[in-house]
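**Student:** Output the structure for:
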Amino acid sequence: MSSVSVSELKANLSRYLREVRRGGEIQVLDRGNPVARLVPPTEPGDEHRERLISLGVLRPGQGDSAAILDETPLVLATSLGDALEEDRTDRL
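**Tutor:** Here you go, the predicted structure:
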């Protein structure tokens, strides 16, 4: 991980962003003290998902969720369009 001052980062932001895009990490220093770290983004939601799991808010699934696609679709008494239209009419 390389370190860079705030003024150097501001002057050469594009160069440092290219480095981060390639997988590098940049530590930003303000008067010699670390204040931030530029890192490539993780997969969307990975950190958030892991945090929710650790807090007990989210329980990870078990088994093969693709098996759901093999199941026969539900047969409804009415079409989705009719149900939606009825719901909208009830609101008027």
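**Student:** By mean pLDDT, which helix or strand of the protein comes out lowest?
**Tutor:** helix 46-55 (a mean of 84; mean pLDDT, DSSP states H and E).
**Student:** what packs against that helix?
**Tutor:** Using 3 or more Cβ pairs under 8 Å, 6 or more residues apart in numbering; DSSP states H and E as the contact test, no helix or strand touches helix 46-55. (C-beta placed from N, C-alpha, C; glycine too.)
**Student:** Could you list the alpha-carbon positions for it in CSV?
**Tutor:** Written as CSV, here are the backbone C-alpha positions of helix 46-55 (Å, rounded to 0.1, in the frame of the first residue of the first chain):
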residue,chain,number,x,y,z
ASP,A,46,-20.7,-8.1,0.4
GLU,A,47,-19.6,-6.1,3.4
HIS,A,48,-23.1,-5.0,4.2
ARG,A,49,-24.4,-8.6,3.9
GLU,A,50,-21.6,-9.9,6.2
ARG,A,51,-22.3,-7.2,8.7
LEU,A,52,-26.1,-8.0,8.8
ILE,A,53,-25.2,-11.7,9.2
SER,A,54,-22.9,-10.9,12.1
LEU,A,55,-25.6,-8.8,13.8
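**Student:** Contacts for it next, please.
**Tutor:** 58-60 (Cβ atoms under 8 Å, 6 or more residues apart in numbering).
**Student:** repeat for stretch 82-92
**Tutor:** Taking Cβ under 8 Å, 6+ apart as the rule, stretch 82-92 contacts 76, 78.
**Student:** In that stretch, which residues are buried?
**Tutor:** Of all the residues in stretch 82-92, not one is buried under the rule 16 or more other Cβ atoms under 10 Å.
**Student:** thinking again about what came up before, compare the contacts of helix 46-55 and tell me which is most surrounded.
**Tutor:** residue 58 (13 neighbours; other Cβ atoms under 10 Å).
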